[in-house]
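Participant: no sequence on hand, only this structure:
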């Protein structure tokens, strides 16, 4: 249930049913106002959330497998300690997406705008962002096997104390990278490497002299 065309045959659900420890299997919620919903440890299996909106939506401890989220907008979406597997988020617009300490396996985000995407302390097996605009992507203290971005932009990438096997931003416009001492596993383009040279030199204590010095 990871693509828009897979949504036929799902049972409709109401916002009032999104409560703590709810278990949804093969259900969809469409066009709903989810403002103020605070439901912990919800289980979503083969479900969809489309054209919904919220000022603040809190789903801590959410467990989601084969879930599609499309055309969703929120000021703040809190997903601390959540688990996502085989999921797609498409065309979402979120001010602050707080997914600290979450787990993500085979998650795709595409065509979306997120001002702050926090994955602090998260465990990421495979996360792909395509044509997304992210203001700040914070992966500090996270453990990442593979994160790939293509197209789109990142205003600031924060990697403090992150353990990265492969974080590929070589095909994305990145305006700034945080702590230069926590970049092992980061994949960048030659042009991005040149842009980062001054910050790396400063971190390493390298003085670059010119002919005029």
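Facilitator: Good, I have the coordinates. All of these numbers come straight from a predicted model, not from anything done at the bench.
Participant: ends of stretch 117-134, how far apart?
Facilitator: In stretch 117-134, first residue to last residue: 7 Å (CA to CA, to the nearest Å).
Participant: now swap in stretch 107-114 and tell me
Facilitator: Where stretch 107-114 begins and where it ends lie 16 Å apart, using CA to CA.
Participant: what's next to it, contact-wise?
Facilitator: Stretch 107-114 is contacted from outside by 2, 84-94, 97, 126-135, using CB atoms under 8 Å, 6 or more residues apart in numbering. From N, CA and C alone the C-beta is placed, and that goes for glycine too.
Participant: so how far is it off the chain centroid?
Facilitator: Distance of stretch 107-114 from the chain centroid (CA atoms, centre = their mean, to the nearest Å) equals 7 Å.
Participant: kindly report the same for stretch 168-175.
Facilitator: Relative to where its chain is centred, stretch 168-175 has its mean C-alpha point 15 Å off (CA atoms, centre = their mean).
Participant: give me the contacts around that stretch.
Facilitator: Around stretch 168-175, the neighbours that count as contacts under CB under 8 Å, 6+ apart are 129, 146-157, 186-189, 192.
Participant: drop anything exposed from those residues.
Facilitator: By neighbour count, with 16 or more other CB atoms under 10 Å, the contacts of stretch 168-175 hold 129, 147, 148, 149, 152, 154, 157, 186, 188, 192 as buried.
Participant: is the fourth one in a helix, a strand, or coil?
Facilitator: Classification of residue 149 into helix, strand or coil gives strand, according to DSSP: H, G, I helix; E, B strand; the rest coil.
Participant: so how far is residue 167 from it?
Facilitator: As judged by CB to CB, to the nearest Å, residue 149 and residue 167 stand 8 Å apart.
Participant: just list the residues touching the residue most central in space within the chain, thanks.
Facilitator: Computing the C-alpha centroid of the chain and ranking residues by CA atoms, centre = their mean puts residue 117 first, at 5.5 Å. By CB under 8 Å, 6+ apart, the contact set of residue 117 is 94, 97, 99, 134, 136, 137, 138.
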